[in-house]
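> Structural data only, the sequence is not supplied:
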Ligand code: HEM
C-alpha cells in the first residue's frame, strides 16, 4: 500500500515536464487530424427562403426583371450568391472575377446545360446545340456549327442575302413609311428574319410566317423558369397543367413545316437539273446539313445525323438568330435617340464613309470606329442574354471561395457586370460610346467585365453572323434616314423599360419617324 501511494503521489520535478510533453503531443495530434479533414468551403450566402417556394417569391413578386433584382441582391449578399428556385439550387455570379471562375477556370465542369422540358420536346430530345448537355453529341454539333454553318467563310457567303434584305427590302419598307410613325422594332424583326430564313432555308416561302410565329411562341417556354422545370420531381405536373400538351402541339406544328422544307430540299437535290443550277448558288444552312448527312462515313464510329438532328439544329439556329440581332439594333436606336449628340456623330461617320459609293455595303463596316464603339456600348448596357444561358455543374467545385455542389444551375449576371462601377467607373450606367474608343476590351469572351456573347466553351456560336446583321442594318438606317421622335416626345422621355425573356427586349415598341435623306446631295 505504501508502495502504491508512493507510486501515485505527484512529484513536481519529474511529472510537470512529462505532463507538458503529453499535452503538447495531444495538441499536435488533434491539429494534424483537423488538417487532414479540412471542412468543405461553405455554400454561398443568399437571401432567406420559404419552404417549397425557396426564393421564387423574391423574384416573382417584384416589378423588376430578374437581372435587376439579382443585381440588387448581389449588392447585399456578394458576387457569388445562392438562390433556391423551387427545388433547384441556383448560384448567381455578378463580378468579373467570379465570371472568370465560371467561364474559364471551371469551364469544362460547367459546360453543360440544365434540363428544360420545352427544349427536350422542341429539339427532339435536346439534340440541337444551345440546350444540349455537354458531351460527345454536343461537341460534334458545335464543331459543325463553328466550322461549317457559322464560320466566317460561310457568313461571308450570305453577304448577298444580307445586302439584298437590309440595304434593299428594309430600306424600301422604311422609305415607304417616311414622315410617318413606324414601329421600328417590328420592321427590324421582319428584316432580320428574312435574312435568317434565306440563309437557313434558301428562300422565303409561304409557310415562313407560320414557322416564325411557332418559333416565337417556343421562345417563351424556353426560359427554364416554368413550374415544371423548377419542380422536376413532380413528374405529373406538366401533364396536369396542360403544359406538356401545349409544348407538344407547338412542336408538331414546327415539325410539319420543317419536314416540308427538308423534303423540298431533298427533292431539289435529287433532281439533277435543279441540282446543277443550285450548285452555282450559295448553299443554305439546311443544304450544308444535308450534305454532311449524305457524306457521313459508313466506317465512322459516330452515328449519322438523323433528320431529327437536322431539324433540331436548324430550329435552334433560327431561334438564336431571329430575335437577337434585331433587338440589339432596336436598343442602339433607342439609346442614340436619347443622345442626339451621339446620333449626329455616328450618322456623320457612316455618311462620310459611304458617300462616294452612294449606298451602304458590307465592305468597310469594320473600319467605322465610332459606330463599332456605339454597338459595344449598347451590348454592355443591354446584353441580349442578361443572365447568359444557364450552365449546370457536373461535380462539386469552388467559385469565389464558396462551394457549388454538383447539379447546381449557375447563372452569370452579365448585365450587372456590364454596369459595375468597379470596372466601368462612376458613370457606368451612362451611355457613353467614347469609352470604347481606343480601348482593347472586346466581346470575344476574354474580357470578363464585358460578356454580351458569354464565354468559354458555350460562347455564342453566331457572333460573326449576328454582328454582320447588326452593323449592316444599323448603317443603313443611319445612312438613308434622319430620325425623329413622334409628337412632342423629348429624348429623355423615351421609355427604356425592359421585358425579360429569352432575349431582353424593350417593353414598349420603339416608335420613330424616319425622314428620307439623300446622302449624295
Ligand atoms: C447580336 C446578336 C447575338 C447575341 C448578343 C447573342 C448572344 C448569345 C449568348 C449570350 C449566348 C449564351 C452564351 C453562354 O451561355 O455563354 C448565345 C449562345 C448561342 N448563340 Fe448567340 N447571340 C447573337 C446572335 C446569334 C446568331 C445570329 C446565331 C446563329 C444564327 C447565334 C447562335 C448561338 C448558338 C448556337 C448559341 C449556343 C452555343 C452553345 O450552347 O454551344 N447567336 N448567344
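Arrived safely, thanks for sending. Bear in mind the structure is a predicted one, so any value in this text is a computation, not a measurement.

> On the three-state scheme, residue 374 is what?
helix (DSSP: H, G, I helix; E, B strand; the rest coil).

> neighbours around it, how many?
Residue 374 is flanked by 26 other residues according to other CB atoms under 10 Å. Just so you know, the C-beta spots here come from the backbone N, C-alpha and C atoms, and that holds for glycine as well.

> Check the gap between the closest residue to it other than its chain neighbours and the ligand for me.
Nearest non-adjacent residue to residue 374, counting by CB to CB, 6 or more residues apart in numbering: residue 433, 4.4 Å away. For residue 433, the distance to the ligand (CB to the nearest ligand atom, to the nearest Å) stands at 17 Å.

> And the residue of the stretch 101-250 of the chain closest to the ligand?
When distances are taken as CB to the nearest ligand atom, the stretch 101-250 of the chain reaches nearest to the ligand at residue 130, 3.6 Å away.

> For the closest residue to that residue other than its chain neighbours, the count of nearby residues, please.
Closest residue to residue 130 apart from its sequence neighbours, by CB to CB, 6+ apart: residue 316 at 5.6 Å. Neighbours of residue 316 under the rule other CB under 10 Å: 26.

> check contacts around residue 401.
Residue 401 is in contact with 41, 80, counting by CB atoms under 8 Å, 6 or more residues apart in numbering.

> Can you pull up the residues of this structure that come close to the ligand?
129-130, 142, 145, 150, 317, 320-321, 324-325, 328, 384-385, 388-389, 452-455, 458-462, 465-466, 470 (CB under 6 Å from any ligand atom).

> Of those residues, which belong to strands?
Per DSSP state E, strands hold no members of those.

> check contacts around the residue nearest to residue 110 when sequence neighbours are not counted.
The shortest distance from residue 110 to any non-neighbouring residue, by CB to CB, 6+ apart, is to residue 391 (4.3 Å). By CB under 8 Å, 6+ apart, the residues touching residue 391 are 102, 110, 111, 112, 113, 114, 409, 410, 411, 458.

> Quickly list what residue 391 is bridged to.
Under the criterion DSSP bridges, residue 391 forms beta bridges with residue 410.

> helix, strand or coil for residue 107?
coil.

> so how many other residues sit close to the closest residue to the ligand within the stretch 201-350 of the chain?
In the stretch 201-350 of the chain, the residue that lies nearest the ligand is residue 321 (3.0 Å; CB to the nearest ligand atom). Using other CB under 10 Å, the number of residues around residue 321 comes to 23.

> which ones are touching residue 406?
Neighbour list for residue 406: 393, 394, 395, 396 [criterion: CB under 8 Å, 6+ apart].

> hang on, I meant residue 375
Neighbour list for residue 375: 328, 332, 467, 470, 471, 474 [criterion: CB under 8 Å, 6+ apart].

> ok, which stretches of the stretch 101-250 of the chain are strands?
For the stretch 101-250 of the chain, strands defined by DSSP state E, counting those that start in this stretch occupy the ranges 182-183.

> quick one, phi psi at the closest residue to residue 486 other than its chain neighbours?
In space, and not counting its chain neighbours, residue 486 is closest to residue 181: 4.5 Å by CB to CB, 6+ apart. Main-chain torsions, residue 181, degrees, to the nearest 10: phi -80, psi 130.

> Okay, helices next: where are they in the stretch 301-450 of the chain?
307-322, 324-338, 340-354, 369-381, 414-418, 421-424 (DSSP state H, counting those that start in this stretch).

> Just tell me which of those ends up closest to residue 253.
helix 307-322 (11.5 Å; CB to CB).

> Any regions of the chain where pLDDT drops low?
Residues of the chain meeting the criterion pLDDT under 70: 1-37, 272-281, 297-301, 520-521.

> what about the longest helix in it?
helix 243-270 (DSSP state H).

> Can you point out the buried residues in that one?
Of all the residues in helix 243-270, those buried under the rule 16 or more other CB atoms under 10 Å are 243-244, 247, 250-251, 253-255, 257-258, 261-262, 265.

> roughly how far is it from the heart of the chain?
In terms of CA atoms, centre = their mean, to the nearest Å, the centre of helix 243-270 is found 25 Å from the chain centre.

> again with stretch 178-195
Centre-to-centre, stretch 178-195 and its host chain are 23 Å apart (CA atoms, centre = their mean).

> if we look at that stretch, which residues are touching it?
Residues outside stretch 178-195 that contact it (CB under 8 Å, 6+ apart) are 158, 161-162, 165-166, 169-170, 173-174, 204, 208, 212, 321-323, 325-327, 329-330, 333, 469, 473, 477, 481, 486, 505-506, 509-516.

> List buried members of these by neighbour count.
158, 161-162, 165-166, 169-170, 174, 208, 212, 321-323, 325-327, 329-330, 333, 469, 473, 477, 481, 505-506, 510-514.

> excluding its backbone neighbours, what's nearest residue 305?
Excluding the flanking residues, the one nearest residue 305 by CB to CB, 6+ apart is residue 293, at 4.7 Å.

> buried set for the helix or strand harbouring that neighbour?
Assigned by DSSP states H and E, residue 293 belongs to helix 285-295. Neighbour-count burial for helix 285-295 flags 285, 286, 287, 289, 290, 292 (criterion: 16+ other CB under 10 Å).

> just stretch 340-347 next, same as before
Quick answer for stretch 340-347 (16+ other CB under 10 Å): 342, 343, 345, 346, 347.

> if I look at the residue lying closest to the second one once chain neighbours are set aside, how far off is residue 401?
Taking CB to CB, 6+ apart as the measure, residue 343 lies nearest to residue 336, with 4.3 Å between them; neighbours along the chain are not counted. Taking CB to CB, to the nearest Å as the measure, residue 336 falls 42 Å from residue 401.

> coming back round to it: identify whichever of the helices of the stretch 301-450 of the chain lies nearest to residue 499.
Set against residue 499 and scored by CB to CB, the helices of the stretch 301-450 of the chain come closest in helix 324-338, at 10.2 Å.

> Show me what that closest one packs onto, helices and strands only.
Counting contacts by 3 or more CB pairs under 8 Å, 6 or more residues apart in numbering; DSSP states H and E, helix 324-338 packs against helix 184-201, helix 340-354, helix 369-381, helix 463-480, strand 505-506.

> Ok, which of these comes nearest residue 73?
For residue 73, the closest of the helices and strands packed on helix 324-338 is helix 369-381, at 20.2 Å, according to CB to CB.

> what comes up buried for the closest one?
Residues of helix 369-381 classed as buried: 370, 371, 372, 373, 374, 375, 376, 377, 378, 379, 380, 381 (neighbour count, 16+ other CB under 10 Å).

> from what I can see the second one touches residue 475, true?
Yes: with contact defined as CB atoms under 8 Å, residue 371 and residue 475 form a contacting pair (6.7 Å).

> Common neighbours of these two, please.
Contacts common to residue 371 and residue 475, judged by CB under 8 Å, 6+ apart, are 350, 365.

> Can you get me a residue count around residue 442?
Neighbours of residue 442 under the rule other CB under 10 Å: 12.

> Return the residues in contact with the closest residue in space to it that isn't next to it in sequence.
Nearest in space to residue 442, with sequence neighbours left out and distances taken as CB to CB, 6+ apart, is residue 450 at 7.5 Å. By CB under 8 Å, 6+ apart, the contact list for residue 450 reads 376, 379, 380, 417, 418, 441, 442, 443.

> Could you check what's spatially nearest to the third one, not counting adjacent residues?
With sequence-adjacent residues excluded and distances taken as CB to CB, 6+ apart, residue 380 is closest to residue 418, at 4.3 Å.

> how close does that neighbour get to residue 225?
Taking CB to CB as the measure, residue 418 falls 22 Å from residue 225.

> Compare the two (neighbour count), which wins?
Legend: neighbour count by other CB under 10 Å for residue 418 and residue 225, higher for residue 418 (22 against 16).

> And the next helix or strand past the host helix or strand of residue 73?
Residue 73 belongs to helix 66-77 when assigned by DSSP H and E. Downstream of helix 66-77, the first helix or strand assigned by DSSP H and E is strand 80-85.
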